[in-house]
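Visitor: Just the structure for this:
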Amino acid sequence: MTQSESPLLDLRNVSLTYRARPVLRGLRWRINPGEQWALLGPNGAGKTVLASIISGEQTHFSGHCHRSGALITGGTAYVGFERARSLIARDRKLDVSEFSPDATDRGTTVADLLPRPLNTAACDAWIHRLEMAPFLDRGLRYISTGQMRKALLASAILSRPGLLILDSPLDGLDAGSRDILASALETLLQSDQAVLLLAREMDAIPQHCSHILVLDRGRMVTAGPRAQVLDDPAVRQIMRPEPLPLRALPLPSGRRYALDGDSDLVRLRAVEVSYGDTRILHDINWTFAVGDHCCISGPNGCGKTTLLGLITGDNHKAYGQDVELFGRRRGSGESIWEIKQNFGLVDTQLQLTFSRGMRSIEVVTSGFFDSVGLFDDWTASQRDIAQSWLDALGLDPIRNEAFDTLSFGMQRMVLLARAMVKSPRMLVLDEPTLGLDGYHRELLLRALAHIVAASDTQLLFVSHSPGALPACINQHLRFVPAEPGFTVACERVARNTVA
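Guide: As a prediction, the model looks like this:
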């Protein structure tokens, strides 16, 4: 930087306290023109909070945040799960279709996020590069996590911001999409577009990030050139801590229902799913029997979440088809709540649905009622069970924290505790390691292994990362193209050998 150039961003003694808990402490840091920074730290380090201050979304902090004229003029664009949460919440609030049986409301479409007109060279190039054409006209509530990530990234890039903030941009993507976005990210880092990348893993920092700031528990550990920071022993200790012994997990709680021990848990025969003229799933045949623990994989948008909805009762397309759950055909008189009491669920849509201000202990306790919110009185026994799961997963320090203020990864851990409080017969996990750093990912996988060993709970585990699976997995359900749509192929696998 020459003397005539001012920093793009200059933070001086920035601190933030939320509900009497320090979140950021005395941060001093600057971004100079031409530098491409990564913000590195484990779950709960303060990365997302710092990004919200830089973007201007968070204004209640002490200290000084000075933005250059170029940054003030161009503004910031933030790509993260909080942005997805706000868009989905807005569409849900404005949806009129639930008030009329004949109404449909796609809400905001992917195309609506992109600048007009759509046929500009730059817009066409990014639509093509990110392979977005097949879902441009779909509503944001009806696309996959990976498709949402592509849509938000394209929207942000095309807005030509002064600073582009990317929060773990490759999370939730299948292998093909990950390669596409990784290539796009390297291109951006070599352009004149200023980028700030948030990362939870040292290996996730792209080659062309020139500088790294490391945060831990709201404090700056170090900041400087990439090689210097990554070689720092203190950084390696923070990012790759020794795993602690797993705390004792609660004993299974009593169930309010009885199941036939010999029945298959799920049986699908020749199931088809279409929306309008678009076929999503074709000729789905699959049996999930007693003792099975299944990994479900497939590209973004193939219908994995649709399949889970057929099973958990969240998708009405199961009615009138050959779908059996726990030996009982769907549509034979059962209520949605009778279906849901069999399942514990962890997925992104659920995570984005909880209202602001709910405490973590309340989110966990809501698992007893299968509700998004806590509308019934909870008993002392239910409170104790919820607390025991928070303790077991190392979450007691955040028991009274507002769920929406937690990092995405910590929210994921809270949802696992919520899913387990009622000792479900099936635990449905849609990308459960999404948003977790290495330590918490290992903690979650070890907890799942213990749950399986200590109870009859069986796992449905959706993942794009074959290396991050529980050791109990013995079945692989793989989505394959059926032109149009997708079907599935099922195979037995040796434990934790999914390719």
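
Visitor: My guess is Gly56 contacts Thr76. True?
Guide: Yes: judged on Cβ atoms under 8 Å, Gly56 makes contact with Thr76 at a distance of 6.7 Å. All C-beta spots, glycine's among them, are computed from the backbone N, C-alpha and C.

Visitor: For the stretch 351-499 of the chain, which segments count as strands?
Guide: Assigned by DSSP state E, counting those that start in this stretch, the stretch 351-499 of the chain shows strands spanning 426-430, 458-462, 475-481, 486-492.

Visitor: circling back to that earlier point, who's more crowded, Gly56 and Thr76?
Guide: Neighbour totals were compared for Gly56 and Thr76, and Thr76 leads with 22 against 14 (other Cβ atoms under 10 Å).

Visitor: which stretches of the stretch 101-250 of the chain form helices?
Guide: Using DSSP state H, counting those that start in this stretch, the helices of the stretch 101-250 of the chain run over residues 110-113, 121-129, 145-158, 175-189, 226-230, 233-239.

Visitor: Deepest-packed of the ones you listed, please.
Guide: Mean neighbours per residue, mean count of other Cβ atoms under 10 Å, is largest over the helices of the stretch 101-250 of the chain for helix 145-158, with a mean of 23.

Visitor: for it, packing partners?
Guide: strand 76-79, helix 81-94, helix 110-113, helix 121-129, strand 163-167, helix 175-189 (3 or more Cβ pairs under 8 Å, 6 or more residues apart in numbering; DSSP states H and E).

Visitor: still on that earlier bit, now the strands of the stretch 351-499 of the chain as CSV including mean pLDDT?
Guide: Shown next, in CSV, are those (pLDDT from 0 to 100):
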stretch, mean pLDDT
strand 426-430, 93
strand 458-462, 95
strand 475-481, 94
strand 486-492, 94
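
Visitor: Take those and write them to TSV, including mean neighbour count.
Guide: As requested, the strands of the stretch 351-499 of the chain are exported to TSV (neighbours: other Cβ atoms under 10 Å):
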stretch	mean neighbour count
strand 426-430	24
strand 458-462	24
strand 475-481	18
strand 486-492	16
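
Visitor: need these in TSV with distance to Ala402, can you?
Guide: Below are the strands of the stretch 351-499 of the chain laid out as TSV (distance: least, Cβ to Cβ, whole Å):
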stretch	distance to Ala402
strand 426-430	23
strand 458-462	28
strand 475-481	36
strand 486-492	38
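
Visitor: right, so of those strands, which gets closest to Ser177?
Guide: strand 475-481 (14.0 Å; Cβ to Cβ).

Visitor: so the closest one versus strand 486-492, what angle?
Guide: If you take axes from the mean of the first three to the mean of the last three Cα atoms, to 10 degrees, strand 475-481 sits at 150 degrees to strand 486-492.

Visitor: ok so, going back, and of the helices of the stretch 101-250 of the chain, who's closest to Gly333?
Guide: Sorting the helices of the stretch 101-250 of the chain by Cβ to Cβ, the top spot, which is the nearest, belongs to helix 145-158 at 34.0 Å.

Visitor: then that closest one to PDB, C-alphas only?
Guide: Provided in PDB are the C-alpha atoms of helix 145-158 (Å, rounded to 0.1, in the frame of the first residue of the first chain):
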ATOM      1  CA  THR A 145     -29.100 -25.900   0.200                       C
ATOM      2  CA  GLY A 146     -26.400 -26.000  -2.500                       C
ATOM      3  CA  GLN A 147     -28.700 -24.300  -5.000                       C
ATOM      4  CA  MET A 148     -29.400 -21.600  -2.500                       C
ATOM      5  CA  ARG A 149     -25.700 -21.100  -2.000                       C
ATOM      6  CA  LYS A 150     -25.100 -20.700  -5.800                       C
ATOM      7  CA  ALA A 151     -28.000 -18.200  -6.100                       C
ATOM      8  CA  LEU A 152     -26.800 -16.000  -3.300                       C
ATOM      9  CA  LEU A 153     -23.200 -16.100  -4.600                       C
ATOM     10  CA  ALA A 154     -24.300 -15.100  -8.100                       C
ATOM     11  CA  SER A 155     -26.500 -12.300  -6.800                       C
ATOM     12  CA  ALA A 156     -23.600 -11.000  -4.600                       C
ATOM     13  CA  ILE A 157     -21.000 -11.100  -7.300                       C
ATOM     14  CA  LEU A 158     -23.200  -9.400  -9.900                       C
END
